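**Q** With the input below, show me the fold.
(chains A and B)
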Amino acid sequence: MQKFDKLTGVAAPMNMINVDTDMIIPKNFLKTIKRSGLGKNLFDEMRFDREGNEKPDFVLNKPAYREAKIIVAGDNFGCGSSREHAPWALLDFGIRCVISTSFADIFYNNCFKNGILPIKVTKEQLDDLMDDAERGANATLSIDLESQTIQGPDGGKVKFEVDEFRKYLLLNGLDDIGLTLQKVDKVDSFEERQNASQPWLTVVAKV
Amino acid sequence: MSGPKTLFDKIWQNHLVEVQDDGTCLLYIDRHLVHEVTSPQAFEGLANAGRKVRRPDLTLAVPDHNVPTTDRMARIESEEGRIQVETLQKNCKDFGVPLFNLQDIRQGIVHIIGPEQGFTLPGTTTVCGDSHTATHGAFGSLAFGIGTSEVEHVLATQTLLQSPLKNMRITVEGALPNGCTAKDLVLAIIGKIGTAGGTGYVIEYAGKAIRDLTMEGRMTVCNMTIEAGARAGLVAPDETTFNYLMGRPMSPKAGAWEQAVEFWKTLPSDGGAFYDKEVTLDVSEIVPQVTWGTSPEDVAPITGTVPMPASFKVDGKPEAVQASLDYMGLTAGMAITDIPIDVVFIGSCTNGRIEDMRAAAEVAKGRKVAEGVRALVVPGSGLVKEQAEQEGLDQILLEAGFEWRDPGCSMCLAMNDDRVEPGQRCASTSNRNFKGRQGFGGRTHLVSPGMAVAAAVTGHLTDVRDL
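**A** The predicted structure is shown next:
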């Protein structure tokens, strides 16, 4: 996993609520067995018409936001399907951070597994950041995960919360499977205890 | 923690392998369901790292999202879809994971087959790379959707790193009126609390209306919990649960059965247990529910009208409603029953079980699908299909003009060839009315199976009680 420590970039404003994972990456692009290459279809139905031409009004098609690294969006971002193709598509496009007042739980988890930082802010903070983002390429945001701050183009700082363990994994770009496998003894003994108290759980019929 | 506990607290504490200093929990996973769309990258990750599947015996795989429903033996037309299914078959073989293959009568939608086989059990943790894993909560299993990285984590370690969730109880009182089903009940709940109302919570459903539901109905309710933002829904196991599970192929056998039931009876929440949030709802006065917009919270009674955007006071919602109405081609103030329908879809992990087939056939009997309406019935599994055929439901539906298909996810998300065309309007028993969900430019109205048939035979959204 790519580590995340500091990020400075253009923030694209998506001033709408309930951006769902079907919007982020429609189902016709889920038929892949790879994690890469989804960026070209990020927000596909919002970004392109049926002939594949760019819709000029969509934020990521506007000259100022084509290189955006951050998305600032309304409430309940990432709701719907659990598809990890959503963060894969964001990452592949170059988005490393999403800022919103709230995120759907599964999407929020999926971001951290892919080196993307989802940041929850208050409504007032979001309004300010949305205003900053509306100013286009002249107004970049700087994110510092270590100090948990967002710095706006005018120098104003917003402090944000992040789970300590997730922060540690992101800062170091660590694979949590490797970490868990170091605890295999604990998993072994859990299974022994459970097998003694609920033996029926391990007797699954043969397929 | 010693005081009174909720059902969720009990399951959570029973599955803690380790609690880290910062509160992150390593949670043991008892049941892992796998399908072709969200697993290839996970198996690839295992292979690249030289890792094995720790407990293939607690894992069950099935292709469902991409599969054709016209002819089970047909070749999957989309090459990418076919490669995904073949990749699942290869991965299951390489890693020793049990698979219900396409030709197996037990094949079906992943959330239909788990309960059907008795793979889903009370007091367990169940996960799948699919948000509708919430379905299995109907059995008092803590069941939630995960991403592909987490699928890989479970395959490798049989555990997941999770932060504790909060407890919400939704108490549903009253008896469901005639013409109203579990689907109407859960749509009414989502309409009330919104699509983010459950974010960060596990929702325990309680009250008379829930107790009175069959397992099929409880599954419909828990299934759509994710549409209210909660990753998991729960119903305490009771006699209805035990009766459903007894004798299922993977349920505990003989001596173990009694021991299991004794344990399951200890699971319901203790009196005085703490809930971070409580919601109550009386369903004795509700009418059949339908969605008019592009978010599952956009719910109205069938007797109602399409709402005015300005009537919403939540920040950002009036704009979202206007965008919804533009997309849906609807005018604020029009009667819901004036909305014409082109396509009807009956099926999905929400409403693809035998009871749903019966409910559809009951309304369809002696009626005909209206001219110009295309109507599909897609049973949730090969076994549901077989049972429906034994009961003669397929004949009733075929005579009424419905198509009777092979099992799969089908038009719920249109990853196979079953899709709603641009501008068409579908009355669907599925779970999501997002833009383009059922096909690019398609418009979805979520309803119960009986309401879907009512729309099919009249050609517009119709109150099933008026037929």
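**Q** going forward, measure contacts between C-alpha atoms and count neighbours the same way
**A** Noted.
**Q** got a list of what residue 186 touches?
**A** Answering for chain A, as no chain was given. A:Lys186 is in contact with B:Val17, B:Glu18, counting by Cα atoms under 8 Å, 6 or more residues apart in numbering or on different chains.
**Q** that's the wrong chain, I meant chain B
**A** When contacts are taken as Cα under 8 Å, 6+ apart, B:Val186 is in contact with B:Thr220, B:Val221, B:Met224, B:Thr225.
**Q** Following element in sequence after the longest helix along chain B, please.
**A** Longest among the helix segments of chain B by residue count, using DSSP state H, is helix B:79-95. Downstream of helix B:79-95, the first helix or strand assigned by DSSP states H and E is helix B:110-117.
**Q** got the contact list for the longest helix of chain B?
**A** When contacts are defined by Cα under 8 Å, 6+ apart, helix B:79-95 is touched by residues A:31-33, B:35-37, B:39-40, B:43, B:52-53, B:56, B:61, B:63, B:66-67, B:75-76, B:97-99, B:101, B:416.
**Q** Would you map out the domains in chain A?
**A** Taking automatic domain parsing as the criterion, chain A consists of the domains A:6-174, A:177-207.
**Q** winner for burial among those domains?
**A** Using mean count of other Cα atoms under 10 Å in any protein chain shown, the stretch among those with the greatest mean number of neighbours is domain A:6-174 (a mean of 20).
**Q** for chain A, what are the nearby residues on the stretch 251-400 of chain B?
**A** The interface of the stretch 251-400 of chain B toward chain A, taken as Cα under 8 Å from any Cα of the partner chain, is made up of B:Ser251, B:Pro252, B:Lys253, B:Ala256, B:Trp257, B:Ala260, B:Ser295, B:Gly316, B:Lys317, B:Glu319, B:Ala320.
**Q** part of a strand, is the fourth one?
**A** No - under DSSP: H, G, I helix; E, B strand; the rest coil, B:Ala256 sits outside any strand and is assigned helix.
**Q** So which residues of chain A form strands?
**A** Counting by DSSP state E, residue ranges of the strands within chain A are A:6-14, A:70-73, A:97-100, A:117-120, A:140-144, A:149-151, A:157-159.
**Q** so which of those strands gets nearest B:Pro340?
**A** Shortest separation from B:Pro340 across the strands of chain A is recorded for strand A:6-14, at 32.4 Å, computed as Cα to Cα.
**Q** any residues touching that closest one, and which ones?
**A** By Cα under 8 Å, 6+ apart, the surrounding residues in contact with strand A:6-14 are A:59-60, A:65, A:67-74, A:96, A:130, A:133-134, A:136-137, A:139-146.
**Q** rerun that using 7 Å as the cut-off
**A** A:59, A:65, A:67-74, A:130, A:133-134, A:137, A:139-145 (Cα atoms under 7 Å, 6 or more residues apart in numbering or on different chains).
**Q** Please save the CA atoms from it in PDB.
**A** These are the backbone C-alpha positions of strand A:6-14, laid out as PDB (Å, rounded to 0.1, in the frame of the first residue of the first chain):
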ATOM      1  CA  LYS A   6       1.500  14.800   3.400                       C
ATOM      2  CA  LEU A   7      -0.600  15.800   0.400                       C
ATOM      3  CA  THR A   8      -0.900  19.100  -1.400                       C
ATOM      4  CA  GLY A   9      -3.200  19.400  -4.300                       C
ATOM      5  CA  VAL A  10      -6.300  20.800  -6.000                       C
ATOM      6  CA  ALA A  11      -9.600  20.000  -4.300                       C
ATOM      7  CA  ALA A  12     -12.600  19.300  -6.500                       C
ATOM      8  CA  PRO A  13     -15.900  20.500  -5.100                       C
ATOM      9  CA  MET A  14     -18.800  18.000  -5.400                       C
END
